[in-house]
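Visitor: what's the 3D shape of this:
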Amino acid sequence: MDFITQKALDDYIGDKTIIELKDLTKLIEEQFDVVFKIEKKLDIDEMTKMLSEDQILIEKVKKAREKRDPNFSSYLRNKDEFNKYLNEAHNAK
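Guide: Residues are numbered from 1 along each chain as shown. Sure thing, here's the model as predicted:
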């Protein structure tokens, strides 16, 4: 079913004056037979703060830097440069 009728919605909500987010997600999951996941939308400052405090991520970045081939461009400027490195990597196998 790709829709819910007003009656079904009214039956599910009943006489609630406040409908919580968890009520809506449960309704959607039950009526549409889907798994519904809600994530808080982070703004760029929140995301930056969260990533900068993630010690596991910081360690992974440090290790990747140490292992990086100094001859390999860390910034590919265009599609041709990307294809060149992709072909080199493929031919090296």
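Visitor: Now residue 39: which helix or strand?
Guide: For residue 39, there is no enclosing helix or strand under DSSP states H and E.
Visitor: burial count for it?
Guide: Using other CB atoms under 10 Å, residue 39 is surrounded by 5 other residues. From N, CA and C alone the C-beta is placed, and that goes for glycine too.
Visitor: distance of it from residue 25?
Guide: 12 Å (CB to CB, to the nearest Å).
Visitor: Please apply the same query to residue 17.
Guide: On the measure of CB to CB, residue 17 and residue 25 end up 19 Å apart.
Visitor: element containing residue 35?
Guide: Going by DSSP H and E, residue 35 is not part of any helix or strand.
Visitor: now swap in residue 26 and tell me
Guide: helix 21-32.
Visitor: what residues does that helix touch?
Guide: 1-2, 4, 8-9, 12-13, 16, 34-36, 38 (CB atoms under 8 Å, 6 or more residues apart in numbering).
Visitor: next SSE after it?
Guide: helix 44-52.
Visitor: Could you tell me the angle between the following helix or strand past that following helix and helix 44-52?
Guide: Under the assignment DSSP H and E, the closest C-terminal helix or strand after helix 44-52 is helix 55-67. Interaxial angle of helix 55-67 relative to helix 44-52 (axes from the mean of the first three to the mean of the last three CA atoms, to 10 degrees): 70 degrees.
Visitor: who's in contact with helix 55-67?
Guide: So helix 55-67 is contacted by 51-52 (CB under 8 Å, 6+ apart).
Visitor: same deal with stretch 37-54?
Guide: With contacts defined as CB under 8 Å, 6+ apart, stretch 37-54 is touched by 21, 25, 57-58.
Visitor: Report pLDDT for the most centrally placed residue in the chain.
Guide: Nearest to the mean C-alpha position of the chain, by CA atoms, centre = their mean, lies residue 39 at 9.0 Å. Note for residue 39: predicted pLDDT of 85.
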